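A.B. asks: heads up, no residue letters with this:
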């Protein structure tokens with residue numbers, strides 16, 4: 001090898017460097033477009049999920065409200081019936097018997113109402129959580145694939 005070849009810059013080709021930069025820039029732009037498209041799709045999916053969740057929550061709130069109104073109506077009816085029965089009481093023993101029966105019936109009804117409200121609240125909570133859970137599972141699975 002001679003000294004002239006050793007110190008020459010003839011091996012450096014600027015056109016190849018320019019092509020490398022162009023390839024790098026094109027790949028970066030393509031990756032940015034792909035990332036933007038994924039982000040846009042995820043945002044649209046999240047918006048749909050939120051809309052569905054809000055609608056479900058509203059429906060669930062209405063259902064719980066109707067259950068509460070029904071419980072109040074039942075309790076009011078029981079109380080009015082009890083008051084009517086109290087008006088016909090002829091002895092203290094009958095009063096005690098009537099009052100004891102009313103308290104027992106009221107306790108039973110309250111327990112039934114609490115169970116019904118709990119079941120409804122559980123159903124509503126599961127229904128409200130379902131779209132978010134499905135979206136999270138979908139997002140996690142897409143991350144695993146990528």
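C.D. replies: Happy to help now that I have it. Just so it is clear, the structure is predicted and the values come from calculations on it, not from any experiment.
A.B. asks: tell me the mean pLDDT over the helix or strand hosting residue 142?
C.D. replies: In the assignment (DSSP states H and E), residue 142 maps to helix 92-145. Averaging pLDDT along helix 92-145 gives 87.
A.B. asks: and residue 128, how many neighbours?
C.D. replies: Residues within reach of residue 128, counting by other C-beta atoms under 10 Å, total 20. Every C-beta, even on glycine, is put in place using the N, C-alpha and C of the backbone.
A.B. asks: how close does the residue most central in space within the chain sit to residue 30?
C.D. replies: In the chain, the centroid-proximal residue (C-alpha atoms, centre = their mean) is residue 129; its distance is 3.1 Å. To residue 30, residue 129 is 38 Å away according to C-beta to C-beta, to the nearest Å.
A.B. asks: ok, residue 130 next?
C.D. replies: Applying C-beta to C-beta, the value for residue 130 to residue 30 is 36 Å.
A.B. asks: of the two, which one has the most company?
C.D. replies: It is residue 130, of residue 130 and residue 30, that has more neighbours when counted by other C-beta under 10 Å, with 14 against 10.
A.B. asks: and that one, what does it touch?
C.D. replies: Residue 130 is in contact with residue 56, counting by C-beta atoms under 8 Å, 6 or more residues apart in numbering.
A.B. asks: please identify the helix or strand for residue 86.
C.D. replies: Element membership of residue 86, judged by DSSP H and E, is helix 14-87.
A.B. asks: which strands or helices does that helix pack on?
C.D. replies: helix 92-145 (3 or more C-beta pairs under 8 Å, 6 or more residues apart in numbering; DSSP states H and E).
A.B. asks: and the helix it packs on with helix 14-87, angle?
C.D. replies: For helix 92-145 against helix 14-87, the angle by axes from the mean of the first three to the mean of the last three C-alpha atoms, to 10 degrees is 170 degrees.
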